[in-house]
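S.K.: could you look at this predicted model? Sequence included:
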Amino acid sequence: ELMHAFVSYRVSTEGGGGNGLSGRISERIRSLSIDGEKELQIPRHGWGVWLQSAKQPEPFRPEEAKVFLDKDCLQDGQSWLAGFIQGLSASMIFVPLLSWTEDDRGSVGELAKIGVNGFDRVDNVLLELIIAMALREEPGAAVQAVLPVLIGQAKPAGDVLKSSVAGGGQGAFSRKDGSATAGNMRVRRGSLAASGNLSNPVKGFEAFPFHKLGRLSDEPSKETSAKAGKILRQLGLGEHKVQEVMTRSVKTVVDQVLRNQGVQASDWDDEDGLVTECGMRVLKTVLNEMRRLRSDPKYFEQGRPMGSEVLEWLQKANLRSYAPLFVHHRLDSLDYVARLDKAKLSMLFDEYEELYPRSGQKGAMGGELAKLKKAHSKLLYRTPPRLLGLIGARPDERTQPISARLERYRDTEASGMAALTSGNCVELFHTNGVLRWVWVALWGGYAAFW
C-alpha cells in the first residue's frame, strides 16, 4: 500500500471554506501524472496499491498518482484521526499548505493564538506537522520528503491585471514566469485570462510573511503534543523519540517544515499557474525519491538472487532501515557485504545519517554505527575463535561466492526408498552416484531375468 502524496491544509482557508486550493492541487497532481508530460508519469514499479482503508476516487486508473486528501479519502463513518494516521504513515511526500493572512488566519496564522494568555487546544494542522516531521526523521518510515506551499494574503480581484487592463489591455504581467503573449497582453497558458474570461479576473497571493514567525510560541502546545505522542507510540516510535518530539515548540515545528525547499505562491500571478506548479513539483519530488531509493526492498528481495538473504540478515541484526541504502549500492549478496572494510562501513553509515537525521545533529547516531560494525563482524566470524583468538574462527557460509555454494549443494541426499517412491526417481537415481549403481544393478537383473 502506497500513497504518493499527503496534502495538509486548514479547512477554513485552503479547504471548502476558503480558496479551495487543497482540492485543486490534489486533482492537478492526479491529472498531470496521467495526461502530463512523460517525465511526470510514475513508472510501473512505483504505482503501488491504493490504501485499503481510504476511499478510492471514481474513476481511478492504477497508473495515476495516489494523493491522500481527507475530504476525498475518508470512508463514510470513519474518524478523521484514524484516516489521517493511516494516510500519512503510508505517504511518500508530505505537502503542507502553509498560509498566513493579514488578519492572522490561515494554517500557520492561527497557530499564533496558541500560548497567548495561556490559550491552548488540539490544533489538527499542528498535529499533522508534528507527526509528519517525526516520521520523516524515522528510519524506514514511508515519508521521504516534505514540500511546503507558502501562501500569503490573497490579492484583491483585479490587482494582478490592473496594470494591463487600464489603458485598453496594454501592458504585461510583472513577473518573468514563462507566460505567453496573446494580443497585447502576456498571459499564462491555462489561466482565466488566457481563456478570455476577464469578467472573473485571476487572483494571486502576497509573499508569505516570514517576519511574523517570531510571534509563534516558544513553548509546545501541550494538548496537541500529548495527542501526537499517543499517535507516535501507536506507530511504533521509541519512547525516547516520542518524548523528544513532544518537547518541540510551535515555532520549532513550523521552522522544521520551512527548512525544506517548497513553492512560493507569490511567484505566480494566478491560482491556476500555482496549482499546476504544485502538481509538477510534487510529481518530480516523488520521482526523485524513487530514483534515490532506486527500488523497493521487496523488489530487491524478489529480483536479486541473494537479496533475500541480505534483507534477512538486516532484519535479524535490527538494521532493516538500512535496506534502501543496500539496494541503492547494489549490495545484493552477503558475499559483497562481507567484503566491506571499516572505511566503507563508515561511508555507508554517513549516508544513512544524512538520510535519516536525528534532531538535526550529525553524529547523534553513533550507537547505530557500532551496531552495524558488530553485525558485519559476525558475518566474518560466525563461529567465534576458540584458541589464541585465531583457530576455529569460521565465516558465515552465506558469505561465500555462489559458485562455491553451488558446488556443495546436493538435492539428491535422500534415502533409497524415498528416492524410489518419488515422482522424479529416475532423475534422482542418475544424479546420485550410489543410487545410480543400484539402478544399473536392478536394470541388469531385470534384463537378465527376461
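M.R.: In hand now; what should we look at?

S.K.: for the chain, what's the longest strand?
M.R.: strand 91-99 (DSSP state E).

S.K.: and that strand, which strands flank it?
M.R.: On the basis of DSSP bridges, the sheet neighbours of strand 91-99 come out as strand 3-8 (parallel), strand 145-146 (parallel), strand 149-151 (parallel).

S.K.: return the distance of the next helix or strand after that strand from the chain's centre.
M.R.: For strand 91-99, the following helix or strand on the C-terminal side (DSSP states H and E) is helix 124-137. Taking Cα atoms, centre = their mean, to the nearest Å, one finds helix 124-137 lying 14 Å from the centre of the chain it belongs to.

S.K.: excluding its backbone neighbours, what's nearest residue 376?
M.R.: Leaving aside its sequence neighbours, residue 376 sits nearest to residue 345 (Cβ to Cβ, 6 or more residues apart in numbering; 6.1 Å). In this view, the C-beta of every residue, glycine as well, is placed from N, C-alpha and C.

S.K.: related to what we said a few turns ago, now the longest strand of the chain: average pLDDT?
M.R.: When pLDDT is averaged along strand 91-99, the result is 95.

S.K.: which helices and strands sit right next to the lengthiest helix in the chain?
M.R.: Assignment by DSSP state H gives helix 271-293 as the longest helix of the chain. If you count contacts as 3 or more Cβ pairs under 8 Å, 6 or more residues apart in numbering; DSSP states H and E, helix 271-293 packs onto strand 3-8, helix 21-35, strand 91-99, strand 145-146, strand 263-264, helix 323-328.

S.K.: export it as CSV, just CAs?
M.R.: Output of helix 271-293 as CSV, limited to C-alpha atoms (Å, rounded to 0.1, in the frame of the first residue of the first chain):
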residue,chain,number,x,y,z
GLU,A,271,-4.1,30.3,-9.0
ASP,A,272,-4.2,28.0,-12.0
GLY,A,273,-0.5,28.5,-12.7
LEU,A,274,0.2,28.0,-9.0
VAL,A,275,-1.8,24.8,-8.9
THR,A,276,0.0,23.4,-12.0
GLU,A,277,3.4,24.3,-10.5
CYS,A,278,2.5,22.5,-7.3
GLY,A,279,1.4,19.4,-9.2
MET,A,280,4.5,19.3,-11.2
ARG,A,281,6.8,19.8,-8.2
VAL,A,282,5.1,17.1,-6.2
LEU,A,283,5.4,14.6,-9.0
LYS,A,284,9.0,15.5,-9.7
THR,A,285,9.7,15.0,-6.0
VAL,A,286,8.0,11.6,-6.0
LEU,A,287,10.1,10.5,-9.0
ASN,A,288,13.3,11.9,-7.4
GLU,A,289,12.7,10.0,-4.2
MET,A,290,12.0,6.8,-6.2
ARG,A,291,15.3,7.3,-8.1
ARG,A,292,17.2,7.9,-4.9
LEU,A,293,15.9,4.7,-3.3
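
S.K.: that older thread, the strands paired with strand 91-99: which one's closest to residue 82?
M.R.: Residue 82 sits nearest to strand 3-8 of all the strands paired with strand 91-99, at 14.7 Å, using Cβ to Cβ.

S.K.: below-threshold pLDDT in this protein: ranges please.
M.R.: 157-203, 293-306, 328, 355-367, 382-394, 402-403, 405-436, 439 (pLDDT under 70).

S.K.: most centrally placed residue in it?
M.R.: Taking Cα atoms, centre = their mean, the centroid of the chain lies closest to residue 92, which sits 2.7 Å from it.

S.K.: tell me the spacing between it and residue 135.
M.R.: Per Cβ to Cβ, to the nearest Å, residue 92 is found 11 Å from residue 135.

S.K.: want to throw the helices and strands packed on helix 271-293 into a markdown table with distance to residue 115?
M.R.: Formatted as a markdown table, the helices and strands packed on helix 271-293 follow (distance: least, Cβ to Cβ, whole Å):
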| stretch | distance to residue 115 |
| --- | --- |
| strand 3-8 | 21 |
| helix 21-35 | 26 |
| strand 91-99 | 19 |
| strand 145-146 | 24 |
| strand 263-264 | 27 |
| helix 323-328 | 39 |
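
S.K.: shared neighbours of residue 92 and residue 135, which are they?
M.R.: Overlap of the contact sets of residue 92 and residue 135 (by Cβ atoms under 8 Å, 6 or more residues apart in numbering) consists of 142, 143.

S.K.: next up, the contacts around residue 345.
M.R.: Contacts of residue 345 by Cβ under 8 Å, 6+ apart are 369, 372, 373, 376.

S.K.: tell me the secondary structure for it?
M.R.: helix (DSSP: H, G, I helix; E, B strand; the rest coil).

S.K.: quick one, strands of the stretch 101-250 of the chain?
M.R.: Using DSSP state E, counting those that start in this stretch, the strands of the stretch 101-250 of the chain run over 145-146, 149-151, 180-182, 185-187.

S.K.: what about the closest residue to residue 119 other than its chain neighbours, neighbour count?
M.R.: Excluding its sequence neighbours, the residue lying closest to residue 119 (Cβ to Cβ, 6+ apart) is residue 113, at 5.8 Å. Residues lying near residue 113 (other Cβ atoms under 10 Å) number 15.
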